[in-house]
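K.L.:
starting from these lines, generate the structure:
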Amino acid sequence: MPTSNTPTLWNKSFILCLFNNLFLFIFYFAQTTILPIYILKDLGGNLTQAGLAMTLFMVSSIAVRPFSGLIIEKFGQKKTLFISEALFCLFSLAYLLADNLQVLLLIRFLHGIWFSIVTTVAVPIVNEFIPEKRKGEGMGYFVMSINLGIVLGPFIALTLIQSMSYQMVAGFLAFSVWLGFLFCFFIPIPSKPKHSKSSKKHKLSRDDFIEIKALNISIMAMIISFSYASIMSFISTYAESKHLLNYASLFFIVFAIAMMSLRPITGKIYDQHGANYVIYPAILLFSLGLVILSQIQSLAGLLIAAVCVGMGFGSAQPCLQTLAIQRAEKHRIGHATSTFFTMYDLGIALGSILLGLLISKQGYSFTYLLCATTTALSLLFYTYVVNRKNISK
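P.N.:
So this is what the prediction gives:
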């Protein structure tokens, strides 16, 4: 059975983990793209209700995320993966029954719970099959499967919805996520928790919810994701204000290609020279992209910003995630992952709310410049807090 000591990165189990994750995120981003269309056109809802469908999913996901590490430790990786992904797949079928807004909102809230758990347990599982000396490269490719989902999910959904009903598209997407689930049955996942503490009765403590060794890195990720929320939530409306709405989809394509283009290189740099050689230039490039974005007047500026932001954020995020995992002991990787994603999701959620308010008061240019400044200044936090215990890297 392949283990973390396997010299070959592209072993069968690693590839199966990538495909499972890819199908999961294709479904997630596809549904996120077409649900507002379904709510507005078929269910007679409004933009606020469409936003609520997105928010409820994120709320339940964030609320459960801190418990995910405890669940993994108690039940083991295999049982946690199979139960959470089976329930996630079952709820993917529930969209076919969502013929009114109330039912759909309930489905979204419950679906977010299982999404939170399955995406958390997937990280320590894939980590088992990445060679110890290639962690940066391996986790980079794993995150790349999410990036592919960002591109393929909306593309598939928007293409199909042009000629098919929402129910037909939802059925196709449900089939795809069930197909991804099948890959799990061929991954040799340890069936029982490896740490004896998980089987003992004990009072709940901070360590059951947070991996303190990964907390500083996770806060750094929260700062970065706060700025990234300005891209996720407002790039389309910003493009519209610049009369570039027709090219907003092109921004995301270039953004995703830029993210993936450097991933193999930055992963190797991380493994050979350490995190600093990736983090510093990546954060500065991300900040530069936000500055360019704040001043765009043409398509060329929009696409240059997409390249800079994609390369910068796309290199920094998996690097920080790998650092969080490596700081934790092996039996605490699940907790480190849940801590990382909890803070990352909080950054996205807070950014979507606060930056939206700031845009309404000060405008897009000011907001993107503020995000650029925040991103650049985060290097001070990285240098004097995160990197304090990691000088050797």
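K.L.:
what packs against the host helix or strand of F381?
P.N.:
Assigned by DSSP states H and E, F381 belongs to helix 364-381. Here helix 364-381 touches helix 215-241, helix 276-294, helix 333-362, going by 3 or more C-beta pairs under 8 Å, 6 or more residues apart in numbering; DSSP states H and E. Using the backbone N, CA and C atoms, a C-beta is placed for each residue, glycine as well.
K.L.:
could you pull out the helices for the protein?
P.N.:
Using DSSP state H, the helices of the chain run over 12-41, 47-75, 77-94, 101-127, 135-160, 166-182, 215-241, 248-273, 276-294, 299-327, 333-362, 364-381.
K.L.:
which of those helices has the highest mean neighbour count?
P.N.:
Burial of the helices of the chain is given as mean neighbour count (mean count of other C-beta atoms under 10 Å); helix 299-327 ranks first at a mean of 24.
K.L.:
before we move on, the earlier item: tell me which of the helices of the chain lies nearest to F209.
P.N.:
Proximity to F209, assessed across the helices of the chain by C-beta to C-beta, is greatest for helix 47-75 (4.3 Å).
K.L.:
now do that closest one and helix 12-41, the angle between them.
P.N.:
150 degrees (axes from the mean of the first three to the mean of the last three C-alpha atoms, to 10 degrees).
K.L.:
from F75, how far out is H273?
P.N.:
38 Å (C-beta to C-beta, to the nearest Å).
K.L.:
low pLDDT regions in the stretch 251-393 of the chain?
P.N.:
389-393 (pLDDT under 70).
K.L.:
circling back to that earlier point, for I71, find the nearest of the helices and strands packed on helix 364-381.
P.N.:
helix 333-362 (8.0 Å).
K.L.:
spatially central residue for the protein, please.
P.N.:
By C-alpha atoms, centre = their mean, the chain has its centre lying nearest to I146, at 6.8 Å.
K.L.:
nearest residue to that one other than its sequence neighbours?
P.N.:
Excluding the flanking residues, the one nearest I146 by C-beta to C-beta, 6 or more residues apart in numbering is F25, at 5.0 Å.
K.L.:
which ones are touching the one you found?
P.N.:
Going by C-beta atoms under 8 Å, 6 or more residues apart in numbering, F25 touches 145-146, 148-150, 153.
K.L.:
with pLDDT and distance to L355 added, can I get those in CSV?
P.N.:
Converted to CSV, the contacts of F25 look like this (pLDDT from 0 to 100; distance: C-beta to C-beta, whole Å):
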residue, pLDDT, distance to L355
S145, 88, 28
I146, 84, 22
L148, 85, 27
G149, 86, 24
I150, 76, 20
G153, 84, 23
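K.L.:
reformat these as a markdown table; add distance to N216.
P.N.:
Below are those laid out as a markdown table (distance: C-beta to C-beta, whole Å):
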| residue | distance to N216 |
| --- | --- |
| S145 | 27 |
| I146 | 23 |
| L148 | 30 |
| G149 | 28 |
| I150 | 27 |
| G153 | 32 |
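K.L.:
determine which two of those residues are furthest apart.
P.N.:
Among these, S145 and G153 lie farthest apart (C-beta to C-beta), at 11.7 Å.
K.L.:
about what we covered before: of the contacts of F25, just say which sits nearest to S233.
P.N.:
I150 (14.2 Å).
K.L.:
in contact with the residue nearest to F381 when sequence neighbours are not counted, which residues?
P.N.:
Nearest non-adjacent residue to F381, counting by C-beta to C-beta, 6+ apart: M220, 6.0 Å away. By C-beta under 8 Å, 6+ apart, M220 lies in contact with 320, 378, 381-382, 385-386.
K.L.:
mind doing that once more with 7 Å?
P.N.:
By C-beta atoms under 7 Å, 6 or more residues apart in numbering, the residues touching M220 are 320, 378, 381-382, 386.
K.L.:
which one of the residues you listed is nearest T237?
P.N.:
S378 (25.0 Å).
K.L.:
got the contact list for the closest one?
P.N.:
220, 223-224, 283.
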